[in-house]
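Undergrad: only geometry, no sequence info:
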């Protein structure tokens, strides 16, 4: 296998959820570079049914944090991407939700590319209407899909916690040949 | 920005749907490397609710191809990943469908890492029950999520067709700062 291929595979496989951050500014240009990864993700009929609110202001982070058990992660992250499905662009529920998943994964990989840490927070969906209220977004126009918290990785804390990566099902458990 | 970061961002953003393939064998090890990218994608509660049938046999490809307008792509690809949601592992419809989207994107990026071409085929979902029949899979246990056709890229045809990459919404169209 080519060395380049090996590097890219390793890059994809080495992404991990990061929940411990150092408070350190992330430049606007870095944020845009990360979002461009989402911009180039695939979607059915190329409908690109996403919207992202980039939350940096501490007050807005606190309001979001109050709506989830992961509030401390949201508040300690330098920024949060709050991701919505644009209900005026949807065409097929299954495919649109899959597109959002691909979009969020591309953003997580963009964060990883920038040597930053990120984590996908889905539990906040239980309070999706209240999230819309924070931004005064009509629930008929935008549906909350998840939050990605982003920050500089606190390597020391992560080493101290000594967490091992979450277990993965072996390939043989979910593949079959035809 | 570091050079490495730039390379990885460019890698993510340069993935494109490829629909023209040269018939050339893809090694078993390459296929497994690609699937490992999916294996490491994130899922809610780490439930990893996926199943993949790897289709190489021409008869099975023909049977699949008959169920979609993209039949010629499925038949000309060396292999197809037929991806299902494992209904015994699901816990939340929205989050499970997003996880499958992230899983499929990681596989598409794995294909890209190996310098191969791939395309996500969703239109076949209209015949999802018939796809289950081909594999004798119980529709109560597995739900078709999509097909990814994979093959060596036919660069010449693609150059001849002169297709430009599909248009993307500008960032400012879908982001907002808070």
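TA: Arrived safely, thanks for sending. Small disclaimer: the values here were computed from a predicted structure and weren't measured.
Undergrad: Can you get me the start-to-end distance on stretch A:171-178?
TA: Chord length of stretch A:171-178, first to last residue, is 15 Å (Cα to Cα, to the nearest Å).
Undergrad: Is residue A:149 in a helix, a strand, or coil?
TA: strand (DSSP: H, G, I helix; E, B strand; the rest coil).
Undergrad: Show the contacting residues for the residue lying closest to residue A:105 once chain neighbours are set aside.
TA: Spatially, and ignoring its direct neighbours in sequence, residue A:105 is nearest to residue B:102 (3.7 Å; Cβ to Cβ, 6 or more residues apart in numbering or on different chains). Where C-beta positions appear, they are placed from N, C-alpha and C, glycine not excepted. Residues near residue B:102 by Cβ atoms under 8 Å, 6 or more residues apart in numbering or on different chains: A:101, A:102, A:104, A:105, A:108, B:41, B:42, B:43.
Undergrad: Make TSV out of these and add secondary structure, pLDDT and distance to residue B:143.
TA: TSV is the format used below for the contacts of residue B:102 (DSSP: H, G, I helix; E, B strand; the rest coil; pLDDT from 0 to 100; distance: Cβ to Cβ, whole Å):
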residue	secondary structure	pLDDT	distance to residue B:143
A:101	helix	98	15
A:102	helix	98	18
A:104	helix	98	21
A:105	helix	98	20
A:108	helix	98	25
B:41	coil	97	18
B:42	coil	97	20
B:43	coil	97	15
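Undergrad: Which among those count as buried?
TA: A:101, A:102, A:104, A:105, A:108, B:41, B:42, B:43 (16 or more other Cβ atoms under 10 Å in any protein chain shown).
Undergrad: you'd agree the fifth one is up against residue B:42?
TA: Yes. Between residue A:108 and residue B:42 there is a contact under Cβ atoms under 8 Å: 7.0 Å.
Undergrad: Pull up the overlap in contacts between these two.
TA: A:120, B:102.
Undergrad: quick one on the thing from earlier: from residue A:99, how far off is the residue nearest to residue A:105?
TA: Distance of residue B:102 to residue A:99, given as Cβ to Cβ, to the nearest Å: 11 Å.
Undergrad: nearest to residue B:155, of the contacts of residue B:102?
TA: residue A:102 (24.9 Å; Cβ to Cβ).
Undergrad: For the buried ones among the contacts of residue B:102, give me CSV that also has distance to residue B:132.
TA: Below are the buried ones among the contacts of residue B:102 laid out as CSV (distance: Cβ to Cβ, whole Å):
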residue, distance to residue B:132
A:101, 22
A:102, 23
A:104, 28
A:105, 26
A:108, 31
B:41, 23
B:42, 27
B:43, 22
